[in-house]
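Participant: next comes the sequence, and after it the predicted model I'd like to discuss.
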Amino acid sequence: MFNGDVIDDHDANRQRLIRLLQDAHAGELAAALAYRAHWHSLRHPDQRDEVRRIEAAEWHHRAEVADVLRHLNGRPRPRRELLMRITGRFFGALCFVTGWFGPMYAAGRLEGMNVCQYETALELARGLELAGWLPRLEAMLAEEERHEQWFGDQIRHHRLLPVARFFLGWSPPPAIATA
Ligand SMILES: [Fe+2]
Ligand SMILES: [Fe+2]
């Protein structure tokens, strides 16, 4: 009876992890497409370069997530992929019409959600004893935290931040003190 419960938990957590990674795989596509448009819309060279680097990181994450999914005998969900492709293109196009603050804030908020997603993935992967995959998931989590920090740093003193925070809830992570 007890062993059956453990197996049920194991299978349920494996399914949860597959589902979460399917969402992450599609989410990385949306993020990469949106960032591609975002950096094209930016004027400041340093900001363009950084968002371009972040776009490359999201493509890399997508490949990493695909590897883990394959290992778990999972596959991306085609409808989710299509929906996120459309979403990424839509928000990418918005970058050219909404001004500077909106896309920066939206990106920071998205990265904050990605951080939570990879934290949960890591927790599940640890429980499922997928030790070999943990370093890759940890690296992705650390990278998403860097992204959230960078976008947060861009807008933390912007006059529209209090309004966005009020309606959308996300705040930039605390600034990292430099020596
Ligand atoms: Fe990512
Ligand atoms: Fe990211």
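Facilitator: Right, received. Where do you want to start? Ligands and ions are numbered 1, 2, ... in the order given.
Participant: neighbours around residue 73, how many?
Facilitator: The tally of other residues near residue 73 (other CB atoms under 10 Å) stands at 8. The C-beta positions use only the backbone N, C-alpha and C, and glycine is treated the same way.
Participant: for residue 18, see how far away it is.
Facilitator: Using CB to CB, to the nearest Å, residue 73 is found at 8 Å from residue 18.
Participant: same question for residue 67.
Facilitator: Taking CB to CB, one finds residue 67 at 13 Å from residue 18.
Participant: so for the two, which residue has more residues nearby?
Facilitator: The residue with more neighbours, out of residue 67 and residue 18, is residue 18; 18 against 12, by other CB under 10 Å.
Participant: quick one, what contacts the more buried one?
Facilitator: Contacts for residue 18 were tallied using CB atoms under 8 Å, 6 or more residues apart in numbering; they are 69, 72, 74.
Participant: please redo it, this time with the cut-off set to 10 Å
Facilitator: 68, 69, 72, 73, 74, 75, 77, 124 (CB atoms under 10 Å, 6 or more residues apart in numbering).
Participant: just the pLDDT for it.
Facilitator: Looking at residue 18, its pLDDT stands at 98.
Participant: what's the answer for residue 49, then?
Facilitator: 98.
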